[in-house]
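Colleague: sequence and predicted structure below; questions after.
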Amino acid sequence: MRLLHTSDWHLGHALHDHPRTHEHARFLAWLLATIADEHVDALIVAGDVFDVANPSTEALDAFYDVLARARQAHPRLGIVVVGGNHDSPARLDVTNPLLDRLGVRVVGGLPRRAGGGLDVDRLVAPLHDARGTVAAWCVAMPFLRPADLPAVEGEGVDPLIEGVRRRYAEALDAARARRAPGQAIVATGHAYLTGTRLSELSERRILGGNQHALPVDVFPDDVAYVALGHLHLAQVVGGRETVRYSGSPLPLSFAERAYPHQVVLVDLEGERVAAVRPVRVPRAVDLLVVPDDGARPLAEVLALVRALPAREGPEDDPARPLLEVRVRCDHPEPHLRREVEAAAAGRRPRLLRIAVEAAGDGRALADAAPAPRLRDVTPRDVFVRKHAAEHGGEPSPALAAAFDELLEAVLRGEAPK
């Protein structure tokens, strides 16, 4: 049978207040086409379906629409979706009475029985091949929060890591009890594993932080494939080709613009993996950074922005590239945004962000000089020291005069003009 592993859709995401609706729509249409073209038997979504716990109606519509269209086009397609750290377990699980009848298994949070024990019947899902025969069992483990873990005591034992290990052991034992010879075991996970790379700008460190990264041996060797989510960079874990992050289908920050955004096709033969093949997701909207080799002075940056290709077509074209401009400032630039926006006007890329790199040493004010007594510090002192920390020198006479004017207005209780 053939699985398609994807994760970290982050439906409803906005990049610097710019909605990604068009990009997500293009990805979901491509996903449905790929399921058909590649004769996929089961789709696994390994968490972070949504970008926030309370997604918009538009994001919810996109999610349920792709599930319905996938099942309508492929009535035998198995679909397993687990919750991630961005998802609300209750929000994902609320439609289960309906989705179960459509053959879609959604596990938003760790399922429990009435007495508090693990509901392994919900956690372990059968996956069928093209003939309708059970070919694998999927341990559909969602993101585990500390409250989901059993109490673990013992000297030298990390209770969080050991708690996760025990949850997986219990679920995997249930899968082993259900499978027949020749059937594979597949597991999902939404976690941060040791020996991996993460994007500092768009991924939250989870399960107590970096020190609680899970070891790859949480997944025993009899697990044929582990479909992981959370890290947006597609990667193999611990040298095990069958333990993988599929990565996000689109860049969620400018730092991720060079990632190989993809899904993963996995062929199972009996109890083992026969082949693993990443498939790149087409980029619907390019992300550009100017300059691409680091911040430069404003004059140089403005020249580079003006050299960008001119816009053709309507301003609201959803396929326009998104632009981040990086400027190095040796002194305050009061009209920085106005000048950059003017240079970008009429250009093909859509300006989203201006990243400013100051020339100062960036030290906190308390580190720059011995701390004076609070009663001896004036607002102007703070302004001058902050200017020196950010820009490496005294404010210009005009800037200092403007500050004094604002300060006087505030002290008089007037709104500054």
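Modeller: Looks like it came in fine. Numbering: from 1, shown residues only.
Colleague: ok, residues contacting the lengthiest helix in the chain?
Modeller: Longest helix of the chain, by residue count under DSSP state H: helix 159-178. By C-beta atoms under 8 Å, 6 or more residues apart in numbering, the surrounding residues in contact with helix 159-178 are 110, 118, 120, 123-124, 126, 137-139, 141, 144, 146, 148-154, 185, 187, 191, 207-208, 212, 214-215, 218-220, 222-223. (Glycine included, C-beta is placed from N, CA and C.)
Colleague: using the three-state scheme, assign the residue nearest to Pro297 when sequence neighbours are not counted.
Modeller: Nearest in space to Pro297, with sequence neighbours left out and distances taken as C-beta to C-beta, 6 or more residues apart in numbering, is Arg328 at 5.7 Å. Per DSSP: H, G, I helix; E, B strand; the rest coil, the secondary structure class of Arg328 is strand.
Colleague: could you do Ala342 as well?
Modeller: Assigned with three-state DSSP, Ala342 falls in the helix class.
Colleague: I'd like to know how many residues surround it.
Modeller: 13 (other C-beta atoms under 10 Å).
Colleague: all helices for the stretch 251-400 of the chain, in order.
Modeller: Along the stretch 251-400 of the chain, the segments classed as helices by DSSP state H, counting those that start in this stretch run 298-306, 336-344, 365-368, 379-391, 397-411.
Colleague: try the stretch 51-200 of the chain
Modeller: Under the criterion DSSP H, counting those that start in this stretch, the stretch 51-200 of the chain carries helices at the ranges 57-73, 89-93, 96-101, 120-123, 159-178.
Colleague: now tabulate those helices in a markdown table and tack on distance to Phe383, mean neighbour count and mean pLDDT.
Modeller: Written out in a markdown table, the entries for those read as follows (distance: least, C-beta to C-beta, whole Å; neighbours: other C-beta atoms under 10 Å; pLDDT from 0 to 100):
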| stretch | distance to Phe383 | mean neighbour count | mean pLDDT |
| --- | --- | --- | --- |
| helix 57-73 | 43 | 16 | 97 |
| helix 89-93 | 46 | 19 | 96 |
| helix 96-101 | 57 | 12 | 94 |
| helix 120-123 | 59 | 18 | 96 |
| helix 159-178 | 46 | 17 | 95 |
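Colleague: any weak-confidence spans in the stretch 251-400 of the chain?
Modeller: Confidence mapping of the stretch 251-400 of the chain against pLDDT under 70 gives the ranges 360-376.
Colleague: likewise the stretch 101-250 of the chain?
Modeller: Counting by pLDDT under 70, the ranges of the stretch 101-250 of the chain that qualify are 197-212.
Colleague: domain-wise, how is the protein divided?
Modeller: The chain is divided into the following domains under automatic domain parsing: 2-280, 287-411.
Colleague: can I get the helices of the stretch 251-400 of the chain in JSON lines with distance to Arg131?
Modeller: Listed next are those as JSON lines, based on distance: least, C-beta to C-beta, whole Å:
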{"stretch": "helix 298-306", "distance to Arg131": "58"}
{"stretch": "helix 336-344", "distance to Arg131": "56"}
{"stretch": "helix 365-368", "distance to Arg131": "69"}
{"stretch": "helix 379-391", "distance to Arg131": "67"}
{"stretch": "helix 397-411", "distance to Arg131": "76"}
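Colleague: okay then, goodbye and thanks.
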